[in-house]
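Visitor: generate coordinates for the sequence data below:
(one chain, ligands or ions: 2)
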Amino acid sequence: MPLNKEIQPGDNDELTRERLQATFDTQQMAAALWGSDLARKRRELAKKVDKLTVLHDSKDMSFMTREEKLSENARKVVQMFAHVADIVEDPSDDAEMFHLSSNAIGHEGHPFGVHFVMFIPALKAQADDEQREKWLMPALGLQLIGTYAQTELGHGTNLRALETMATFDKATDEFVIHTPTVTALKWWPGSLGKSSNHAVVSANLIIDGKSYGHHNFMVQIRDENTHKPLKGITVGDIGPKMAYNASDNGFLGFDHHRIPRRNMLMRHAKVDKNGVYTKPPHAKIGYSAMVHVRSVMIGHQGMFLGSASTIAIRYSLVRRQGEIKEGSGEVKILDYQTQQHRLFPQLARAYVFMFAGKEVRELYQKVLSDMEKGETTLLADLHALTSGLKSVVTHLCVAGMEQCRMACGGHGYSRASGIPEIWGVAVGGCTYEGENMVMLLQLARYLMKAVKETKKGKSLGRLVDYLLLPQDRHSLIGRVPQGEYGPHLAAFEHIARRQIFKVADELTKLQDKGMSKEIAWQKKAVELQRAARLHTRFYLAACFHRKVQSVVDGRIREALADLYHLHLNYELLDMVNYALEDAYLKADQVDFIREDMYRLLETIRPNAISLVDAFEFSDRELRSVLGRRDGHVYENLYKWAKESELNRADVLPYFDKYLKPMMLAARQRSNI
Ligand SMILES: CCCCCCCC/C=C\CCCCC/C=C/C(=O)SCCNC(=O)CCNC(=O)[C@H](O)C(C)(C)COP(=O)(O)OP(=O)(O)OC[C@H]1O[C@@H](n2cnc3c(N)ncnc32)[C@H](O)[C@@H]1OP(=O)(O)O
Ligand SMILES: Cc1cc2nc3c(=O)[nH]c(=O)nc-3n(C[C@H](O)[C@H](O)[C@H](O)COP(=O)(O)OP(=O)(O)OC[C@H]3O[C@@H](n4cnc5c(N)ncnc54)[C@H](O)[C@@H]3O)c2cc1C
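Guide: Numbering: from 1, shown residues only. Ligands and ions are numbered 1, 2, ... in the order given. All right, here's what the predicted structure looks like:
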């Protein structure tokens, strides 16, 4: 069977020649990335969206105002739901729906932006059966639009300091929702400003003057017909953001707004009509919607980095600049070692983030079904894992995307490249769902507990089993036959374990000297978040290893293994100081890693285009002139620029209003 190499009539010849060099079948690689069923569904879906013109952008969003963007994406999302049954096989499959949304709508946001990722997951996990019937069904059926209103103007991280109040009024069997100060205004919730009519609101539960901490409440905020805010509710948009401007992130205030008692989400925590409170089986079960999003973000961030890599690598095969050998003609910029070193490690990261995203979703599903039965043992493990992954992956993604942007030279800075928007959306991920540093410290808490267990000869969980293993003094990198990468993975494990134990010992020493646990934690916070990062980077490398091992097809396994080995080398060099501190690695071993990395850049080079083709991002989804599949970049850049609103007339009014009078006056002065 011939290998599938994604060649189509009308393609740029340069790209066709590149594609013909591939050592593997891109559709099979797509199956390794997405799973074969989803890869097939994605392909079919993209073709269907191509044919449905109502789902196409009416013009490039870069040339729209915010209001036009909101309106355009509201139009498309409605059309998307109207045609959903003809396009997707299973509308309850989040991955398929995300792909549809990427193709039709893009990543700038839309009125249902938080409805599906937080509002519905919060209802699924926290509403009891009767409440599910009342809100979940209508929410799934698009009879209402919901958001998740937790963050306030004054507090986002420290949830215990949230100020919004939900005071139980026994006499009327109602909660009174109130915003006591300006800092208590809800601030940031997506699609709140102008689109949503319902919100899951986090508020402090107060019964008979006693506070039980924050809980989630269903609040209708706008009239379902007029869409006007209900009495006692103030709501609006918080203004433009770095990116994601088709989303109306909003503010929300309550003036003694009353809701029925049964509007508190009561699957786990409960309040009866006499004001008797029942505790949930786990104190943090009400945080499940956040854990859900963190778990989803890993794969999505991988897709963002995959998109940027696709754009930069395809463009680097079209762009020629400078000569390597004088007189032999200008080379494709991807032939420069520096360009490969800039881009291929980002491509490898995109792959592993997508693999990790899949693993973590599987764990989330398991924890969710356990929670349904009141079983919460794995919740802490999942929280620790998602906190670390969310932070490390978003951080590396935006650093990687910035490399992709710079690798495209000047054109990367143009919105025509498509990178600025996806970068802007991805960088939001460093902040939303828990600020990265804060979440790393959450994982560090878990790791410090794990050390305590390890010292008793036990393991806190599967993810920290490696802490029980003895430390090797020296690495075997470069001391085993060429092509064996076990020692590389062992090095990730070594530096994570060493940093975790080192900081745990330092904390103990400070406490032994009489320092309180909290102050000792502050003194070592930077070292603690380092431990969390190293643990997570080890998890990612091990996940890549598991994936390569699981692939049956030899050609796919070989191409993936090249990326995996590049990942090991590149990431180890990025963290090499940790391995040098205790002389685990020697200078010659670092040189060995570098040389092997350069060798791998050359090995990967002929497969580069097919490795990005394998993501199977459609042109519609990429929204990038530079990353076009057919490679016809220059003529389309010119066409795109002509669409700029500034080109609607040769002379714009500001010239006559400001510049012309100034120049006339200057000329007159010089004539005097
Ligand atoms: C949206 C999908 C993404 C895909 C992208 C696709 C493209 C679309 C692009 C953009 C979409 C944008 C959408 C964005 C939507 C964003 C929404 C939000 O941001 S919602 C708000 C999120 N807010 C936060 O994340 C707040 C962060 N803060 C916290 O989580 C907590 O305050 C805390 C820092 C964890 C501390 O909590 P708390 O004060 O309650 O803790 P303590 O009482 O000190 O207890 C700590 C112990 O509790 C354990 N813990 C904490 N959380 C959990 C949990 N979730 N599960 C289990 N256990 C938990 C913690 O481990 C401590 O345990 P011990 O050590 O004491 O045993
Ligand atoms: C695009 C976007 C979409 C969002 N969507 C929603 C939404 O739909 N619903 C919603 O409720 N919220 C939403 N948010 C809000 C988001 O969840 C919060 O902004 C986020 O959790 C961070 O909280 P903060 O803004 O209070 O940051 P802060 O906590 O004020 O962070 C500022 C700095 O303080 C540091 N810091 C804070 N606490 C600690 C600590 N304990 N230890 C060490 N350092 C600390 C942080 O590391 C950071 O450097 C969204 C935000 C964005 C950007």
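Visitor: check whether the longest helix along the chain comes near ligand 1.
Guide: The longest helix of the chain (DSSP state H) is helix 337-372. No: shown here: helix 337-372 not in contact with ligand 1 (C-beta under 6 Å from any ligand atom), separated by at least 9.3 Å. Bear in mind the C-beta positions are built from the backbone N, C-alpha and C, glycine included.
Visitor: and what of stretch 464-471?
Guide: No: remark: stretch 464-471 sits outside contact range of ligand 1, by C-beta under 6 Å from any ligand atom, the gap being at least 13.7 Å.
Visitor: hmm, back to that, so which other helices or strands are in contact with the very next helix or strand once past the longest helix of the chain?
Guide: Next along the chain after helix 337-372, taking DSSP states H and E as the criterion, comes helix 379-407. Applying 3 or more C-beta pairs under 8 Å, 6 or more residues apart in numbering; DSSP states H and E, we find helix 379-407 packed against helix 288-318, helix 337-372, helix 409-413, helix 419-428, helix 436-455, helix 525-550.
Visitor: what about helix 379-407, distance to the chain center?
Guide: Distance, stretch centre to chain centre, for helix 379-407: 7 Å (C-alpha atoms, centre = their mean, to the nearest Å).
Visitor: can you tell if it touches ligand 1?
Guide: Yes: Helix 379-407 is in contact with ligand 1 by C-beta under 6 Å from any ligand atom, via 379, 380, 383.
Visitor: so which of those residues is the most crowded?
Guide: Top of those by neighbour number is residue 383, holding 22 neighbours under the definition other C-beta atoms under 10 Å.
Visitor: okay, now the closest residue to it other than its chain neighbours: neighbour count?
Guide: Nearest residue to residue 383, sequence neighbours excluded (C-beta to C-beta, 6 or more residues apart in numbering): residue 291, at 6.1 Å. Number of residues near residue 291 (other C-beta under 10 Å) recorded here: 25.
Visitor: swap in the one 3 residues further on?
Guide: Residues contacting residue 294 under the criterion other C-beta under 10 Å number 28.
Visitor: next one: residue 298
Guide: Neighbour count of residue 298, defined by other C-beta under 10 Å: 27.
Visitor: wait, residue 387 touches residue 435, no?
Guide: No: assessed by C-beta atoms under 8 Å, residue 387 is found out of contact with residue 435, at 10.9 Å.
Visitor: near ligand 1, which residues of this protein?
Guide: By the rule C-beta under 6 Å from any ligand atom, the part of the chain lying against ligand 1 is 107, 113-114, 117-118, 148, 150-151, 156-160, 190, 244, 284, 287, 290-291, 293, 296-297, 300, 379-380, 383, 425, 432-434, 438, 442, 445.
Visitor: higher neighbour count, residue 387 and residue 435?
Guide: When neighbours are counted by other C-beta under 10 Å, residue 387 and residue 435 differ, and residue 387 comes out ahead with 27 against 14.
Visitor: so what are the sheet partners of the host helix or strand of residue 253 and their directions?
Guide: Assessed by DSSP H and E, residue 253 sits inside strand 250-254. Each strand that pairs with strand 250-254, with its direction, by DSSP bridges: strand 186-187 (antiparallel), strand 233-237 (antiparallel).
Visitor: residues making contact with it?
Guide: With C-beta atoms under 8 Å, 6 or more residues apart in numbering as the test, strand 250-254 has contacts from 147, 149, 153, 164, 177-179, 184-189, 191-194, 196, 199, 201, 219, 221, 232-238.
Visitor: got the CA positions of that strand in CSV?
Guide: Taking Å, rounded to 0.1, in the frame of the first residue of the first chain, the C-alpha atoms of strand 250-254 are listed here in CSV:
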residue,chain,number,x,y,z
GLY,A,250,-18.1,40.0,32.4
PHE,A,251,-18.7,41.6,35.8
LEU,A,252,-21.7,40.7,38.0
GLY,A,253,-23.2,42.2,41.2
PHE,A,254,-26.1,41.2,43.4
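Visitor: do that strand and ligand 2 come into contact?
Guide: No: judged by C-beta under 6 Å from any ligand atom, strand 250-254 makes no contact with ligand 2; its nearest approach is 9.0 Å.
Visitor: now the following helix or strand past that strand, how far from the chain's geometric center?
Guide: Following strand 250-254 in sequence order, the next helix or strand is strand 257-260 (DSSP H and E). Mean-position distance between strand 257-260 and its chain equals 35 Å (C-alpha atoms, centre = their mean).
Visitor: strand 257-260 packs against which elements?
Guide: In terms of contacts (3+ C-beta pairs under 8 Å, 6+ apart), strand 257-260 is packed against strand 174-178, strand 210-220.
Visitor: out of these, deepest packed?
Guide: Neighbour counts (mean count of other C-beta atoms under 10 Å) averaged over each of the helices and strands packed on strand 257-260 peak at strand 174-178, with a mean of 22.
Visitor: tell me which parts of this protein are close to ligand 2?
Guide: Residues of the chain lying close to ligand 2 by C-beta under 6 Å from any ligand atom are 114, 148-151, 155-157, 188-190, 244, 249, 428, 431-435, 437-438, 441.
Visitor: buried only: go through these for me.
Guide: 114, 148-151, 155-156, 188-190, 244, 249, 428, 432-434, 441 (16 or more other C-beta atoms under 10 Å).
Visitor: among those, which are in helices?
Guide: Per DSSP H, helices hold the following members of those: 428, 441.
Visitor: in the longest helix of the chain, what's buried?
Guide: For helix 337-372, by 16+ other C-beta under 10 Å, it's 339-340, 342-361, 363-364, 367-368, 371.
Visitor: next, count neighbours for residue 327.
Guide: Count around residue 327 with other C-beta under 10 Å applied: 5.
Visitor: helix/strand/coil for it?
Guide: Put simply, residue 327 is coil when judged by DSSP: H, G, I helix; E, B strand; the rest coil.
Visitor: re earlier: turn the helices and strands packed on strand 257-260 into JSON lines, columns for mean pLDDT.
Guide: Formatted as JSON lines, the helices and strands packed on strand 257-260 follow (pLDDT from 0 to 100):
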{"stretch": "strand 174-178", "mean pLDDT": "98"}
{"stretch": "strand 210-220", "mean pLDDT": "97"}
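Visitor: surely residue 157 touches residue 436?
Guide: No: if you go by C-beta under 8 Å, residue 157 and residue 436 don't touch, sitting 10.9 Å apart.
Visitor: the helices and strands packed on helix 379-407: which one's closest to residue 619?
Guide: Judged by C-beta to C-beta, the one of those that comes nearest to residue 619 is helix 288-318, at 10.4 Å.
Visitor: in the stretch 551-672 of the chain, which residue sits closest to ligand 1?
Guide: residue 621 (12.3 Å; C-beta to the nearest ligand atom).
Visitor: who are the packing partners of the helix or strand that contains that residue?
Guide: Taking DSSP H and E as the criterion, residue 621 maps to helix 619-622. Counting contacts by 3+ C-beta pairs under 8 Å, 6+ apart, helix 619-622 is packed against helix 36-51, helix 94-104, helix 288-318.
Visitor: how far off centre is it?
Guide: Centroid separation between helix 619-622 and its chain, computed with C-alpha atoms, centre = their mean, is 18 Å.
Visitor: for it, buried residues please.
Guide: Buried-residue list, helix 619-622, by 16+ other C-beta under 10 Å: 620, 621, 622.
Visitor: what about the residue nearest to the first one when sequence neighbours are not counted, neighbour count?
Guide: Translated: residue 620. Distances taken as C-beta to C-beta, 6+ apart place residue 103 nearest to residue 620, at 5.2 Å, with adjacent residues excluded. Neighbour count of residue 103, defined by other C-beta under 10 Å: 26.
Visitor: pretty sure residue 103 is in contact with residue 622, am I right?
Guide: No: the criterion here is C-beta under 8 Å, and residue 103 misses it with residue 622 at 9.9 Å.
Visitor: and the gap between the spatially closest residue to residue 165 that is not a sequence neighbour and residue 219?
Guide: Ranked by C-beta to C-beta, 6+ apart and with sequence neighbours excluded, the top spatial neighbour of residue 165 is residue 178, at 4.8 Å. For residue 178, the distance to residue 219 (C-beta to C-beta, to the nearest Å) stands at 12 Å.
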